[in-house]
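Q: Pasting a predicted model and its sequence here:
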Amino acid sequence: MENLEENQISLKEFYFILKKRLKFVLSVSILILSVCIIYTLSLRPIYKSTSLVMVEDPSSAPTTDIFQTSMVQEKNFLSNEMEIIGSWTVSEKTIINLINSEYKNNLFLLGTRPYQSNWLRNLFYFDDILVNATEIKSSDKSALVKYIRKLRNGMSIKNQKNTDMIEISFSTIDPIEAALIANTIVDEYKKLDLAWNTGEMSHLKSFLVDQIDKKKVELLDSENLLKKFQEKEQIFTIDENSKLLLENLISAESKLYNLKSEGNILFERKKYIESQLTDEEKKLIDGVSNTINHRLYALKNEIALKEAELITAVSQQGEGHPVVNSIEDKLEKLKNQLELETRTLISQGISVADPIKYRQSLMDSVINITAISAMIESKVNELEKLVSEYDQDLSSLPQKILEFARLSRDLNIHSETYSLMRQKLEETRINEASQVGSIRIIDEARVSTSRVSPNMKLNFLAGLILSLIISIMLAFLIEHFDRTVKSLDEIESYGFPILAIIPSMGRDKKNKKTKKYQIKIGNAEKVERRLLTHEDPKSPVSEAYRGLRTSLMYDKQNNENKVILISSTGPGEGKTTTIANLAIAYADLGKKTILIDTDLRKPIINKIFSIEKDPGLTKYLSGNENNFTKIISETSIDNLSIITSGIIPPNPSEMLASERMVELLDELKKVYDVILLDSPPLLAVTDTLVSMKFVDQFFLVVRAMKTDKLGLKRSIELLKQANAPISGIVLNAVDETTSYGGGYYYNYYQYYYGDK
């Protein structure tokens, strides 16, 4: 319960501080918000153009590989593609394209187009977009790096959720340039993708063309040699047994050389791919390949045995025999099993090897080519054994028949190899021509007329929130360092009762019954005449003074409490106004009241009541007047008399401490019911402390938002040391907007006594 009350008090204090500093908070907020708005208006407008492309998932497309090698594609291929788009390579190609284009002399990106600043921008910035004085060249590496960084800073890449679509955007201060650069980025990205897809095919085509030229020469040589031999030896055919043996040998050698040719093609592919990889990637491939070879060793051996068994069966039984077909079926199943397990091991080995899909697929290809090459090598070894056996059988033939068989065999081998190379070349050309890339442009970047930055609404909202936060923080900071008295609790902490809470007279400035004017004192000071107790008796201020009168009357219930002294810690805290209105309150009660101005340094009682200052108190105390009645001035208010200060003396403290002062008070007690003394500020001079020995009651006036806490503390210490008869403290000039807790009093009396 206590915690709840503390929280409520904290909220009330928070509300009070905000209400009190409301004008400050609003002023600072408006100032900061104005700066934010002006700054926003000074910013360069930014326009963004976006191109939409679709990237085909490589895992869903059919393979065009010549040997049907599998490539394990990364699942998050769109993330890889986004990395490629934002890569340094694509950015560099884009900049080079722009430098070589017709627009190179009119682009903000390249610094070749001037920007016209507005006057608001000149308030905040001293820089501007400078135009290059020299011609831009793509060979200038330092300039190229600068442009690439600017390009990447303005580029944004985003994947549309649950689609294969990628948004490629570019932002700059010109909408036309934004569209141009966004489309150029897409073009370079598409070119790079196509180059990656056709690079291997181009290399392989070049290799095959070179090999075909060589094989063609070898084929022609073989034809010429066989033709010359036949013309010379007149041998155009051989017997059936020799013919069958030669056909088997040619068939085995054809298969052998075809496999070797395929092996050479795979080797060239592998060499090209490895040239695209780093040393670390090559080491990774070796590690994965070793792991695959180790885990699939038994399966590979079984396939090698089946290959040897198949070759033997073919040589003995011939093609199409049931035994041969059975072995081929088993061998096909083993190869499918090997391919499946190889895929699995590759996926486990390098699935996270590289964030770029292209490089991932390159490494997959090398591993697959290595695996296929190993199987080809195993089959080549078995075929070489078979060819060696056929050679031994063929060596038993006559020399001329043997030479004829050799030449015929060479011709067939070269012809088969040449045909295979031509076939592979055509397949490669078809594959290269069919490569259109995996990028499809759905929407080209268009010129946008809507700016994306600055966001006026967002900046205004952010500025509003920021201004409120800063202004409120400053208000609390000022409140923290404000050392004046603001609340009732601060006064009650000294252990003295609060006799009255006097509302600020400014609250009644709209009341027509209140008469107010200012009186000059000396050359600078001014006081406000507000005898509200007499002029507006129904006002909350008047009621507060009557409440003070009641508190003093019931402080000590005896008839000896006639002399009441009032003071404050410093000037301008309202003690004179308070005692003047208190005097009227006593007079209104029918008490014969006299008000004495004992402030012999800066007296103002005479000005408040519009009476002459002399004769006054100093005339009697100095002995120039012995009849005290002659220094008393009557007022227009019944039961209220005034003794002014008189001429200001050189020794006020000594005069107030004199026996004449005691005699005067004794005489006045016989005539008046209440004697009120207005004394100087307590901390300014010792006059108040000197007067303490003559009085029955004393109260201190504290002005809200004026009296310093340290000054109040020091004043109370002095009063305690002087054993002053302190009745309590009056909190003056309380305004509910500036003094915490003071508004309740005003509101109660305003409700009860206010005009109907």
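A: Sure, I can see it.

Q: Helix or strand: which one has the nearest residue to Ser51 once chain neighbours are set aside?
A: Spatial nearest neighbour of Ser51, chain neighbours left out: Ala445 (4.1 Å); criterion: C-beta to C-beta, 6 or more residues apart in numbering. C-beta here means a position set from N, CA and C on the backbone, and glycine is covered the same way. Using DSSP states H and E, Ala445 falls within no helix or strand.

Q: Now for Ala445, how many residues are close by?
A: 24 (other C-beta atoms under 10 Å).

Q: next one: Pro45
A: Number of residues near Pro45 (other C-beta under 10 Å) recorded here: 12.

Q: Surely it is in contact with Pro175?
A: No: assessed by C-beta atoms under 8 Å, Pro45 is found out of contact with Pro175, at 9.1 Å.

Q: Point me to the helix or strand that includes Asn224.
A: Per DSSP H and E, Asn224 falls inside helix 175-233.

Q: Tell me the helices and strands packed up against that helix.
A: Using 3 or more C-beta pairs under 8 Å, 6 or more residues apart in numbering; DSSP states H and E, the elements in contact with helix 175-233 are strand 46-55, helix 77-85, helix 88-99, helix 141-154, strand 165-172, helix 240-275, helix 399-434, strand 439-443.

Q: which stretches of the stretch 101-250 of the chain aren't confidently modelled?
A: Counting by pLDDT under 70, the stretch 101-250 of the chain shows low-confidence ranges at 115-139, 197-203, 226, 229-250.

Q: And for the stretch 451-600 of the chain?
A: By pLDDT under 70, the weakly predicted segments of the stretch 451-600 of the chain are 505-530, 532-535, 556-561.

Q: Roughly how far does the residue lying closest to Leu26 once chain neighbours are set aside sit from Ser504?
A: Nearest residue to Leu26, sequence neighbours excluded (C-beta to C-beta, 6+ apart): Ser471, at 7.7 Å. Look at Ser471 and Ser504: by C-beta to C-beta, to the nearest Å, they are 25 Å apart.

Q: And Thr629, by the same measure?
A: Here the distance between Thr629 and Ser504 works out to 38 Å (C-beta to C-beta).

Q: So which of those two has more stuff around it?
A: Here Thr629 and Ser504 are set side by side on neighbour count (other C-beta under 10 Å), and the busier one is Ser504, at 23 against 9.

Q: For Tyr47, list each beta-bridge partner.
A: Residues in a beta bridge with Tyr47, per DSSP bridges, are Thr172, Arg451.

Q: 870 is where my numbering starts, stick with that
A: Happy to do that; since the first residue is 870 now, the last one works out to Tyr916.

Q: what's it in contact with, if anything?
A: Applying C-beta atoms under 8 Å, 6 or more residues apart in numbering, we find Tyr916 in contact with 1040-1044, 1047, 1317-1321.

Q: Throw together a PyMOL command that grabs the buried residues out of those residues.
A: Here is the PyMOL command that picks out the buried ones among these, judged by 16 or more other C-beta atoms under 10 Å:
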select buried, resi 1040+1041+1042+1043+1044+1047+1317+1320
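
Q: Can you check my assumption that Arg1433 lies in a strand?
A: Actually, residue 1433 is Ile. It isn't Arg. Yes: secondary structure of Ile1433, determined by DSSP: H, G, I helix; E, B strand; the rest coil: located in a strand.

Q: okay, now it: neighbour count?
A: Ile1433: 23 surrounding residues under other C-beta under 10 Å.

Q: and it, what is it in contact with?
A: Counting by C-beta under 8 Å, 6+ apart, Ile1433 makes contact with 1421, 1451, 1543-1546, 1564-1568.
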